[in-house]
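Asks: next one to model:
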Amino acid sequence: MTPEATRKVLRSMFDAAVAAAMPAQCVPQNLPAKPKGRTIVVGTGKASAAMAQVLERSWDGPLSGLIVTRYGHAVPCRQIEIVEAAHPVPDDAGTMGARRMLAMVQGLSKDDLVIALISGGGSALLSLPAEGITVEDKRAVNRALLKSGAPISEMNCVRKHLSAIKGGRLAAAAHPARVVSLVISDVPGDDLAAVGSGPTVADPTTFAQARAIIAKYKIDAPASVIHHLEQAIDETPKPGDPRLVGVETKLIASPQKSLEAAAAIARKAGITPLILGDSIEGEAREVGYVMAGIALQSRRFGQPLPAPCVLISGGETTVTVRGTGAGGRNVEFLLALALKLDGAEKILALAADTDGVDGAREVAGAFITADTLSRARAMGIDPWASLANNDGHGFFEKLGDQIITGPTLTNVNDFRAVYIG
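Replies: I've put the predicted structure just below:
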């Protein structure tokens, strides 16, 4: 198979992974029965507006509600209001939307229904600080966490304990109404309490854990944040909380389902797929180094699979930003992978975020080929210097190997495919 043909297969695999998680494929069959009373739709995340649009088209009856999604991810809805806000660092639009959403679900009866549409990105988008904490205080902590290299589970633990709406608080406010949450997971292990920081899911984490995370990563948090975490007055609703007993949460799309869809495309192309895992975490460059070792073992010894094969994985790696580059998990992974492969023949790879945004850049990811490093050096680009500067985006932009999709309107996290021919 030629390099160009291989690139097309890898891109088709990525497209299949995204398609498997599109709201039109997973929302209609998971809708609850209509209630005797009102139906209120709330939600947050990069896929939430598209989910709301599909729900409206599938629902026979009146609706009202509010969705907070990322700028550029809104789609037209007739009955449900769509608000756009900033991600990954919160802004005032997200705060105002969260405040309105919390008020919207209060005062309901047991005959009413709240449908919560939750997807990745909601942690930053639905930002309503706890009493005594300002939006700017939360921004400062969020920025520091994003640069720290902390995994998403630890970041969300802190976010929940600085919030008036996350960690099950939205569902608690809706009691005694019935709450049904439809969740598109973007987190390792599909922990429903972690997707969007679980606004409708009981939270097993504690203030003590949040304090430990701040200390672990040496986060220079504002005094108001430190005071709030130390006081630990209003703990998040825990499993067994009577206000959350009637909450039903459905996982409707996940990284694993998307990896399986990509594997099916590989088989059709005569390539043997191996899914290594849907929840791989760690520093992106370290994951790249490990994946290079596996690919070279396969190329030389046919282990764990003989060529032609493709190693598929998902999850959410992290980038500890020490340079002046924009970071980006997928491009950092690819640059590290290319450096360790060092031009090995017949190994190509694609890595991209299924939401179309890798880090803070409007770029999904990129490709590497056997000549990636040689082409870069011919252009006067030092790949090791680019990696040290966390500038994977700049590196692949200059090579013309970026993958730009625009907002995909779904989000099941990172997709990585390494082909060995």
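
Asks: could you chop the chain up by domain?
Replies: With automatic domain parsing as the criterion, the domains of the chain are listed as 3-18+256-420, 22-253.

Asks: distance between the first one and the chain's centre?
Replies: Yep, that's domain 3-18+256-420 we're talking about. For domain 3-18+256-420, the gap between its own C-alpha mean and the chain's C-alpha mean amounts to 17 Å (Cα atoms, centre = their mean, to the nearest Å).

Asks: what do you get for the longest one?
Replies: On the basis of Cα atoms, centre = their mean, domain 22-253 sits 13 Å off its chain's mean C-alpha point.

Asks: now do the end-to-end distance for it.
Replies: Its start and end residues considered, domain 22-253 measures 8 Å (Cα to Cα, to the nearest Å).

Asks: now swap in stretch 244-262 and tell me
Replies: According to Cα to Cα, stretch 244-262 extends 36 Å from its N-terminal end residue to its C-terminal end residue.

Asks: now stretch 396-412
Replies: OK, stretch 396-412 end separation, Cα to Cα: 23 Å.

Asks: over to stretch 336-351?
Replies: Distance between the boundary residues of stretch 336-351 (Cα to Cα) amounts to 12 Å.

Asks: so what does the host helix or strand of A98 touch, helix or strand wise?
Replies: Assigned by DSSP states H and E, A98 falls within helix 92-104. For helix 92-104, the contact count by 3 or more Cβ pairs under 8 Å, 6 or more residues apart in numbering; DSSP states H and E identifies strand 39-44, strand 64-70, strand 80-85, helix 122-125, helix 169-174 as packing neighbours. Where you see a C-beta, it was placed from the backbone N, CA and C, and this is true even at glycine.

Asks: would you convert the domains of the chain into TSV that also reports mean pLDDT?
Replies: As requested, the domains of the chain are arranged in TSV below (pLDDT from 0 to 100):
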stretch	mean pLDDT
domain 3-18+256-420	97
domain 22-253	95
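
Asks: reformat the ones you listed as a markdown table; add mean neighbour count.
Replies: Shown next, in a markdown table, are the domains of the chain (neighbours: other Cβ atoms under 10 Å):
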| stretch | mean neighbour count |
| --- | --- |
| domain 3-18+256-420 | 20 |
| domain 22-253 | 21 |
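
Asks: other residues contacting stretch 9-25?
Replies: Under the contact criterion Cβ atoms under 8 Å, 6 or more residues apart in numbering, stretch 9-25 has outside partners 1, 47, 50-51, 53-54, 184, 253-254, 257-266, 269, 271, 310, 312, 348-350, 352, 354, 367, 403, 405, 408-412, 415, 417, 419.

Asks: could you give the angle of the helix holding A98 to strand 80-85?
Replies: Interaxial angle of helix 92-104 relative to strand 80-85 (axes from the mean of the first three to the mean of the last three Cα atoms, to 10 degrees): 140 degrees.

Asks: can I get helix 92-104 in PDB? Just the C-alpha atoms.
Replies: Below are the C-alpha coordinates for helix 92-104, written out as PDB (Å, rounded to 0.1, in the frame of the first residue of the first chain):
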ATOM      1  CA  ASP A  92     -18.500  35.300  31.800                       C
ATOM      2  CA  ALA A  93     -20.800  33.800  29.200                       C
ATOM      3  CA  GLY A  94     -20.400  30.400  30.700                       C
ATOM      4  CA  THR A  95     -21.000  31.700  34.200                       C
ATOM      5  CA  MET A  96     -24.200  33.500  33.300                       C
ATOM      6  CA  GLY A  97     -25.400  30.500  31.400                       C
ATOM      7  CA  ALA A  98     -24.700  28.200  34.400                       C
ATOM      8  CA  ARG A  99     -26.500  30.600  36.800                       C
ATOM      9  CA  ARG A 100     -29.600  30.600  34.500                       C
ATOM     10  CA  MET A 101     -29.500  26.900  34.100                       C
ATOM     11  CA  LEU A 102     -29.400  26.300  37.800                       C
ATOM     12  CA  ALA A 103     -32.400  28.600  38.400                       C
ATOM     13  CA  MET A 104     -34.300  26.900  35.600                       C
END
